[in-house]
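K.L.:
have a look; sequence and predicted model below, questions after that.
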Amino acid sequence: MCRLPRRETFAAAVALLLTVAGCGAPAVQQAAPSPSPSPSSPVNAGSPTGPRAFTLVATGDVLPHTEIIQQAKEDAGGSGYDFGKMLAGVKSVVSAADLAICHMETVYGADGGPFTGYPSFKSPPQVARALKDVGYAACDTASNHTLDDGPNGIRRTLDAMDAVGLKHTGSARSEDEAARPALLTAGGATVAQLAYTYGTNGIALPKGQPWAVNLIDRDRILADARAARAAGADIVVVSVHWGTEWQDEPNAQQLTLARELAAEQGEGGPAVDLILGTHAHIPQAYEKINGTWTVYGMGDQLAGHMFNYTGAEDPRGNWSSIARFTFSPPARPGQRWTVSKAEFVPQLTDLGPPYRVLDLAEAVRRNPDRADFARALDHIRSVVLSRGGASAGLTMAP
């Protein structure tokens with residue numbers, strides 16, 4: 001387990017960022033005109049007229065296998081790598097959100113490669129540009145593959161994200177960077193995103209760098225959430241890489257940790273406002289726990305042919321959901337922002353060729369003869385709603 005930063009150090013770092021960026025003021029600060037904001041400044045999706053409801057969209061694992069890398073090369077005409085064409089089918093959903101966050105499961109290789117897929121990933125850094133162009137403001141980077149290429153892989157990944165103005169959290173190039181969350185703004189709210197992983201495939205944390213990737217620890221997560229809140233965050237989102245691969249149901253760790261995080265109450269409300277899960281490769285349920293929505297697993301957003309623990313190809317590895325939550329501002333001083341609408345958008349990577357990520361409900365409408373699309377849609381809807389989400393207000397987006 002990595003060494004935990006002292007809470008007051010974390011809070012001081014967040015407070016400094018909020019002060020510099022002006023996030024502590026009740027009015028919304030305008031985004032800088034530059035397309036690539038400073039890494040120390042919150043991304044702003046707000047309005048100059050004051051707090052308003054906003055939508056937050058989140059998606060699952062971006063996991064470029066060898067065939068996905070090859071597809072990107074073909075889409076670029078053989079010169080470079082273009083991942084944008086594969087993601088174009090969900091751009092309208094992602095870009096329509098006030099705030100969109102993704103999960104980058106792999107690290108990036110050097111410009112020009114070599115690039116590798118499973119089992120030890122090094123992805124083309126052009127992935128970052130595609131994610132930014134699709135409409136993401138931030139990605140979490142804590143996964144079991146974060147240390148696939150050691151500290152150099154982390155550095156290249158975060159450098160590439162900085163270069164295109166994509167915020168990030170979960171791995172770090174320095175102890176100072178590790179001690180602060182991604183700070184985002186939307187609708188006049190300051191949103192802190194934190195990220196953690198269950199492990200790193202047995203790869204030890206780099207010597208002298210216990211902060212390189214955040215590991216799941218209940219006490220640390222809660223301390224970080226409280227510190228972010230105390231420093232001015234209105235909403236705290238926790239991204240967790242957890243669960244059992246290929247298992248529809250959340251495992252004991254997921255159920256226990258979700259309940260512990262949702263049970264923790266601070267002044268005026270919960271310590272954590274939203275929990276977003278990745279890793280299992282397949283869609284898992286959404287559940288509202290003590291007022292906090294938990295997405296146990298969104299599934300892989302972009303991956304190649306997937307094979308489950310029996311060695312059989314499993315289409316569920318290309319099925320996923322897009323989580324969409326509408327946050328509304330406090331009705332009166334002293335109250336918290338709350339989720340006023342909870343939705344999911346079924347998503348699928350069509351293996352083609354070519355490989356393409358699709359808004360699945362739209363794909364079913366356009367292709368009524370595709371029984372595989374209809375089957376995937378039914379499965380995703382069934383699993384996502386399997387833990388009482390519908391009775392708590394969760395709906396499939398029209």
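P.N.:
All right, it came through fine.
K.L.:
please count neighbours and contacts with C-alpha atoms only from this point.
P.N.:
Fine.
K.L.:
ok, Leu56 - contacts?
P.N.:
Listed by CA atoms under 8 Å, 6 or more residues apart in numbering, the contact set of Leu56 reads Ala97, Asp98, Leu99, Ala100, Ile101, Arg324, Phe325, Thr326, Phe327.
K.L.:
of all these, which two lie farthest apart?
P.N.:
Ile101 and Phe327 (14.9 Å; CA to CA).
K.L.:
more crowded one of those two?
P.N.:
A count of neighbours by other CA atoms under 10 Å puts Ile101 above the other of Ile101 and Phe327, at 25 against 22.
K.L.:
let me know the helix or strand that that one is in.
P.N.:
Secondary structure assignment for Ile101, by DSSP states H and E: strand 99-104.
K.L.:
what pairs with that strand, and is each one parallel or antiparallel?
P.N.:
Using DSSP bridges, the strands paired with strand 99-104 in its sheet are strand 54-62 (parallel), strand 138-140 (parallel).
K.L.:
give me the helices and strands touching the following helix or strand past the shortest one, please.
P.N.:
I take that to be strand 138-140. Heading C-terminal from strand 138-140, the first helix or strand you meet, by DSSP H and E, is helix 150-164. Packing partners of helix 150-164 (3 or more CA pairs under 8 Å, 6 or more residues apart in numbering; DSSP states H and E): helix 126-134, strand 167-169.
K.L.:
what angle do strand 99-104 and helix 150-164 make with each other?
P.N.:
150 degrees (axes from the mean of the first three to the mean of the last three CA atoms, to 10 degrees).
K.L.:
closest to Trp293 among the contacts of Leu56?
P.N.:
The closest of those, once distances to Trp293 are taken by CA to CA, is Phe325, at 9.1 Å.
K.L.:
helix or strand for the closest one, which one?
P.N.:
With DSSP H and E as the criterion, Phe325 is inside strand 319-328.
K.L.:
what about that strand, average pLDDT?
P.N.:
For strand 319-328, mean pLDDT rounds to 98.
K.L.:
check which helices and strands that strand sits against.
P.N.:
Partner elements for strand 319-328 (3+ CA pairs under 8 Å, 6+ apart): strand 54-62, strand 300-302, strand 338-350, helix 371-384.
K.L.:
okay, now the unreliable bits of the chain?
P.N.:
Low-confidence segments of the chain (pLDDT under 70): 1-49.
K.L.:
try 50
P.N.:
By pLDDT under 50, the weakly predicted segments of the chain are 1-9, 11-12, 14-41, 46-47.
K.L.:
picking up where we left off before, return the most buried member of the strands paired with strand 99-104.
P.N.:
Counting by mean count of other CA atoms under 10 Å, strand 138-140 has the highest mean neighbour count of those, with a mean of 27.
K.L.:
contacts for it, please.
P.N.:
Contacts for strand 138-140 (CA under 8 Å, 6+ apart): 100-104, 166-170, 182, 194-195, 239.
K.L.:
cutoff 7 Å now
P.N.:
With contact meaning CA atoms under 7 Å, 6 or more residues apart in numbering, strand 138-140 is reached by Ala100, Ile101, Cys102, His103, Met104, Leu166, Lys167, His168, Thr169, Gly170, Ala195.
K.L.:
likewise for stretch 280-300?
P.N.:
Stretch 280-300 has contacts (CA under 7 Å, 6+ apart) with 59-62, 243-250, 258-259, 262-263, 273-278, 316-322, 380, 383-389, 392.
K.L.:
only the buried residues of it, if you could.
P.N.:
Neighbour counts over stretch 280-300 (16 or more other CA atoms under 10 Å) mark 280-289, 291-300 as buried.
K.L.:
so how far is that stretch from its chain's centroid?
P.N.:
Its chain's C-alpha centre and that of stretch 280-300 lie 12 Å apart, by CA atoms, centre = their mean, to the nearest Å.
K.L.:
measure that stretch end to end?
P.N.:
End-to-end distance of stretch 280-300: 8 Å, with CA to CA, to the nearest Å as the criterion.
K.L.:
out of everything not next to it in sequence, what's closest to Glu175?
P.N.:
Among residues not flanking Glu175 along the chain, Trp211 sits closest, at 5.9 Å (CA to CA, 6 or more residues apart in numbering).
K.L.:
and the one you found, how far from Thr395?
P.N.:
From Trp211 across to Thr395, the span is 38 Å (CA to CA).
K.L.:
which residues of the stretch 151-300 of the chain fall in strands?
P.N.:
Ranges of strands in the stretch 151-300 of the chain, per DSSP state E, counting those that start in this stretch, are 167-169, 182-186, 189-197, 235-241, 265-266, 269-270, 274-278, 286-289, 292-295, 300-302.
K.L.:
give me the residues contacting the longest one.
P.N.:
Which is strand 189-197. 23, 51, 140, 142-144, 169-170, 181-185, 214-216, 228, 233-242.
K.L.:
now which of those residues would you call buried?
P.N.:
Buried members of the contacts of strand 189-197, scored by 16+ other CA under 10 Å, are 23, 51, 140, 142-144, 169-170, 181-185, 214-216, 228, 233-242.
K.L.:
re earlier: turn the helices and strands packed on strand 319-328 into JSON lines, including distance to Pro119.
P.N.:
As requested, the helices and strands packed on strand 319-328 are arranged in JSON lines below (distance: least, CA to CA, whole Å):
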{"stretch": "strand 54-62", "distance to Pro119": "15"}
{"stretch": "strand 300-302", "distance to Pro119": "16"}
{"stretch": "strand 338-350", "distance to Pro119": "20"}
{"stretch": "helix 371-384", "distance to Pro119": "26"}
